[in-house]
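Visitor: Sharing a model prediction with you, sequence too.
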Amino acid sequence: MSIEVALFGMLGRDAEPKTSKNGRPYLRLNVACGEGDATQWVSAMVFDERAIAVVDKLVKGARIYLEGRLSLSQWAAQDGTTRSGLSVMSWHCRLSQIGRAKTKSEKPKPAPQSADAPLDDEISFAPERRG
């Protein structure tokens, strides 16, 4: 039995480019799906050539959409306990058009500041009184 899924999530770390034993390129992704306590982490192997071509944009915090075959994986942790997690073998992966993160090459722009505004002023949060 095979379960096909479509997921929308956020990358937990930068994509890792890899090569299979057969010489086929792919990406390893860690994707957070959901919010708060309902967040599920999914490990993905992505074989989509268009995603591989834009690996520099698949950085931590980027929002992505992917489709693939879902499976439950089990492994032995370093302490000897059996762990399990969700994984997806993906054939389609795209950056989301909403909330896209900056690429590795982009530097954050500093906020514009007035030349006469000191940086260490205290800001009062008390409401103004109108009389």
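Guide: Now that the structure is in, tell me what you want to look at.
Visitor: Helices of the chain, residue ranges please.
Guide: 49-53 (DSSP state H).
Visitor: quick one: the strands in it?
Guide: Using DSSP state E, the strands found in the chain span residues 3-11, 16-19, 25-33, 40-46, 63-76, 82-95.
Visitor: wait, which of those strands is closest to residue 57?
Guide: Closest to residue 57 of these is strand 82-95 (C-beta to C-beta; 6.0 Å). Every C-beta, even on glycine, is put in place using the N, C-alpha and C of the backbone.
Visitor: That closest one vs strand 63-76, what angle?
Guide: Interaxial angle of strand 82-95 relative to strand 63-76 (axes from the mean of the first three to the mean of the last three C-alpha atoms, to 10 degrees): 160 degrees.
Visitor: on that earlier part again, columns distance to residue 54 and mean pLDDT on top of the strands of the chain, output as TSV?
Guide: Output for the strands of the chain, formatted as TSV (distance: least, C-beta to C-beta, whole Å; pLDDT from 0 to 100):
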stretch	distance to residue 54	mean pLDDT
strand 3-11	13	94
strand 16-19	11	96
strand 25-33	10	96
strand 40-46	11	95
strand 63-76	11	92
strand 82-95	7	93
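Visitor: Ok, which of those strands comes nearest residue 55?
Guide: Proximity to residue 55 (C-beta to C-beta) singles out strand 16-19 among the strands of the chain, at 5.4 Å.
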